[in-house]
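In: quick one: sequence plus predicted model below, questions after.
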Amino acid sequence: MKKLFDIVCGTLSGLALFAIMVLTFLDVSGRKIWSQSITGSLELTELLMVVVIFGALPLVSMKSEHVVFDSLDALFSPFFQRIQRALVNLVCAALLFGLAYLMWRTGSEFAVTGETTAQLKIAKAPFIQGMGVLCGLTGLVHLIKAFGSAQEEESSEGGTL
């Protein structure tokens, strides 16, 4: 299940990032060569950034690759550190579930009112609801980490301060 999660979220974020790269290349090339930019490229980039950021958020949480301040960790016992990690994960889960609810509700309101982007008229609702779903998944990751085993998965080198 974890492997599938990695593949789906990683592919989603990776494809969106690749699309931003191609779009930026074509837009800049078009401006330099034909003095014509791609209509709506800014809107597309903004929407694709949403996909990159929120698609990667569950992976960052699952792998504990957040930026953390751990300078004081040496002063605390391993027991206290486990309690602290559990509490931080519970708070993160609660906040992300709340954010997921608000985003889903906002997306539903946008779907009813037909809210779209200004230039390309792309519906905003699916993107906002997708943000809500991915925040909910990230909240679930934190909830599992809060009640999971005491063994904390170490982040990659350079992943923390």
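Out: Received, thanks.
In: show me the shaky parts of the protein.
Out: 149-161 (pLDDT under 70).
In: what's the spacing between M62 and A56?
Out: As judged by C-beta to C-beta, to the nearest Å, M62 and A56 stand 10 Å apart. Just so you know, the C-beta spots here come from the backbone N, C-alpha and C atoms, and that holds for glycine as well.
In: please read the previous query as pertaining to L42.
Out: For L42, the distance to A56 equals 21 Å [C-beta to C-beta].
In: neighbour count: those two, which is higher?
Out: A56 (20 against 16; other C-beta atoms under 10 Å).
In: ok, that one - contacts?
Out: The contact partners of A56, by C-beta atoms under 8 Å, 6 or more residues apart in numbering, come to C9, G10, S13.
In: contact partners for the closest residue to V50 other than its chain neighbours?
Out: Distance criterion C-beta to C-beta, 6 or more residues apart in numbering; nearest residue to V50, sequence neighbours excluded, is F127 at 5.4 Å. Going by C-beta under 8 Å, 6+ apart, F127 touches L47, V50, V51, G107.
In: can you pick the most crowded of those?
Out: G107 (22 neighbours).
In: leaving out the residues flanking it, which one is nearest to the residue positioned nearest the centre of the chain?
Out: For the chain, the residue sitting closest to the mean C-alpha position, by C-alpha atoms, centre = their mean, is F54 at 2.2 Å. Nearest non-adjacent residue to F54, counting by C-beta to C-beta, 6+ apart: L134, 4.2 Å away.
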